[in-house]
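Visitor: quick one, what's the 3D model for this:
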Amino acid sequence: MMSSNLKNRAGARLTMPLPINSLAAKRAYVSMMMNVIGRALEAASQEDEVIRKEIAAFPEQFLFEMKILPNGPSLAMAKNDRGELEFLGPQPSRKPELASSSST
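Guide: Here you go, the predicted structure:
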């Protein structure tokens, strides 16, 4: 995200986000965030016992997808053989058991 560096009266630097006006920039930002979320969920499922307990309730090879409609960025996650979430990237390899979509 682009930002503007300003200083307050005391001279401390303030960073303020600039609005993203381009559709391509918005799409790239959301795509990057989907990637970050997917990798964070994968890492958390390997380390956090509370998350591991939640995932244990999922059926074997459970696959879910989060997608921005229409034709926007997405992420796919699957429960692997070790009982952890695995980030599959933007496209699932098969039809997901659960799909969550949001429109713009």
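
Visitor: use CA for all of it now, contacts and neighbours both
Guide: Noted.

Visitor: where does pLDDT dip in this protein?
Guide: Counting by pLDDT under 70, the chain contains low-confidence ranges at 1-8, 11, 14-20, 104.

Visitor: just give me the neighbour total for the closest residue to N80 other than its chain neighbours.
Guide: Among residues not flanking N80 along the chain, Q61 sits closest, at 5.8 Å (CA to CA, 6 or more residues apart in numbering). Q61 has 17 neighbouring residues, counting by other CA atoms under 10 Å.

Visitor: residues touching Q61, list them.
Guide: 78-81 (CA atoms under 8 Å, 6 or more residues apart in numbering).

Visitor: same question, E86
Guide: Applying CA under 8 Å, 6+ apart, the residues near E86 are 42, 77-80.

Visitor: just those residues: which are in helices?
Guide: When the contacts of E86 are checked against helices (DSSP state H), the matches are E42.

Visitor: among the contacts of E86, who's most crowded?
Guide: Counting by other CA under 10 Å, top hit in these: M77 with 25 neighbours.

Visitor: ok, back up a step: quick one: the residue nearest to N80 from N71, how far?
Guide: 25 Å (CA to CA, to the nearest Å).
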